[in-house]
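K.L.:
When you get a sec, could you give me coordinates for this:
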Amino acid sequence: SRQLRSVFARFDADDSGAMDASELGNLMEEIGEELKPAQLRRLLRRLDRDGNGKVDVDELDAWFTRARKAEARRKRRAERLRRCTPSRRTRLVLAWAFAWACFAVFATLVVAFGVSFGEETMLRLVSSWGLALAQTFVVEEPVLIALTQLIPWVIEAMLANDLAAEVVQTLLATGVAKAVASCFAALRGA
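P.N.:
The predicted structure is shown next:
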């Protein structure tokens, strides 16, 4: 682009048409990227496609184009994730609903066993169910709620990494993920 060529010319101190490490370092510093010498050498090696030890304007342009495309991909992924991430309220409601569904199943089992095996057995089952209920309120339910809060942050962090982002996108594209997303969407509408 014309703008990149004018910036390149400004930092090509010796007007050679190519930047050495020092000139490239000055350019990177100007755009807010202060690189250590080892980082600068790695960047120069990565940009220098023809192996002459310098970066010409075409090599720099190709790098900036790739960087812009990668940034656009990251933004699109983050936006897609943001759209399918349930709200905090929805995550809390789902965690509570799951916990109460577990309680309902256990209560049904206690009553069914109590009727089948007698009153004494039912009392022992109710006692153990009370302990299980306490465990659920003290341990399991807080863990479930914490997980529903942390998972979207973990996924966002993974999206910052290109390889991990591809894995997450593949997972989100599966039928199971689509079904879960439609359930969340239905819950939001309710």
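K.L.:
Please tell me I have it right and residue 5 contacts residue 57.
P.N.:
Yes: assessed by C-beta atoms under 8 Å, residue 5 is found in contact with residue 57 at 5.7 Å. Where C-beta positions appear, they are placed from N, C-alpha and C, glycine not excepted.
K.L.:
Give me the more crowded residue out of the two.
P.N.:
Set side by side, residue 5 and residue 57 show more neighbours around residue 57, with 17 against 13, by other C-beta atoms under 10 Å.
K.L.:
for the nearest residue to the more buried one once chain neighbours are set aside, phi and psi?
P.N.:
Spatially, and ignoring its direct neighbours in sequence, residue 57 is nearest to residue 8 (4.6 Å; C-beta to C-beta, 6 or more residues apart in numbering). Main-chain torsions, residue 8, degrees, to the nearest 10: phi -60, psi -50.
K.L.:
Am I right that residue 11 is in contact with residue 29?
P.N.:
No: with contacts counted by C-beta under 8 Å, residue 11 stays clear of residue 29, the gap being 9.7 Å.
K.L.:
Next, the contact list for residue 16, please.
P.N.:
residue 54 (C-beta atoms under 8 Å, 6 or more residues apart in numbering).
K.L.:
do residue 107 as well
P.N.:
When the contact criterion is C-beta under 8 Å, 6+ apart, the partners of residue 107 are residue 129.
K.L.:
where's it relative to residue 40, distance?
P.N.:
Distance of residue 107 to residue 40, computed by C-beta to C-beta, to the nearest Å: 66 Å.
K.L.:
what does residue 153 give?
P.N.:
Using C-beta to C-beta, residue 153 is found at 33 Å from residue 40.
K.L.:
Residue 113 too?
P.N.:
Separation of residue 113 from residue 40 (C-beta to C-beta) stands at 71 Å.
K.L.:
Comparing these two, which residue is more hemmed in?
P.N.:
Taking other C-beta under 10 Å, residue 113 and residue 40 do not tie; residue 40 has more neighbours (18 against 15).
K.L.:
Number of residues surrounding the nearest residue to the more buried one once chain neighbours are set aside?
P.N.:
Leaving out its chain neighbours, the residue that sits closest to residue 40 by C-beta to C-beta, 6+ apart is residue 25, at 5.1 Å. Neighbour count of residue 25, defined by other C-beta under 10 Å: 22.
K.L.:
Check whether residue 25 really touches residue 38, as I assumed.
P.N.:
No: look at residue 25 against residue 38 with C-beta under 8 Å: they stay out of range, at 11.8 Å.
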